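K.L.:
sequence unknown, structure follows:
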């Protein structure tokens, strides 16, 4: 039984390839209850509702499955705008998505990608 459990852990460690995407909850109160639709290769995978806070930003994390080649199109849609980003596994397996209001009042979705975990 112990050998089977170890085998399952090893297979999952090498076979379960996923992008780890963290969505930063904003400190800007104008972004409270903003709905983000997340698409991976033009297929909707998740809805995120941002909850603004007056304190330090918090993060909501999602794991998105990848294909064999590891190249995908990550899209974040909000209201009438879609932001598109190319991501490559394993070079960019940890992703942080952040929503900002720029000077003219328009919304911008920024992204940071890296190979190792973020420290918050």
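P.N.:
It's in. The model shown is predicted, which means the values in this text are computed figures rather than measured ones.
K.L.:
test my guess that residue 53 contacts residue 24.
P.N.:
No - using Cβ atoms under 8 Å, residue 53 is not in contact with residue 24, being 10.5 Å away. C-beta: built from backbone N, CA, C; applies to glycine.
K.L.:
between those two, which one's more packed in?
P.N.:
Shown here are residue 53 and residue 24; by other Cβ atoms under 10 Å, residue 24 has more neighbours (18 against 14).
K.L.:
from residue 68, how far off is the more buried one?
P.N.:
Counting by Cβ to Cβ, to the nearest Å, the gap from residue 24 to residue 68 is 30 Å.
K.L.:
cool, residue 21 as well?
P.N.:
Taking Cβ to Cβ as the measure, residue 21 falls 19 Å from residue 68.
K.L.:
the more surrounded of those two?
P.N.:
residue 21 (26 against 7).
K.L.:
and the nearest residue to that one once chain neighbours are set aside, bridged to which residues?
P.N.:
Distances taken as Cβ to Cβ, 6 or more residues apart in numbering place residue 95 nearest to residue 21, at 4.6 Å, with adjacent residues excluded. On the basis of DSSP bridges, residue 95 is bridged to residue 21, residue 113.
K.L.:
quick thing: my sequence starts at 49, can you match it?
P.N.:
Taking 49 as the first residue, the last one we looked at is residue 143.
K.L.:
residue 143 reaches residue 163, doesn't it?
P.N.:
No - counting by Cβ under 8 Å, residue 143 stays clear of residue 163, with 10.9 Å between them.
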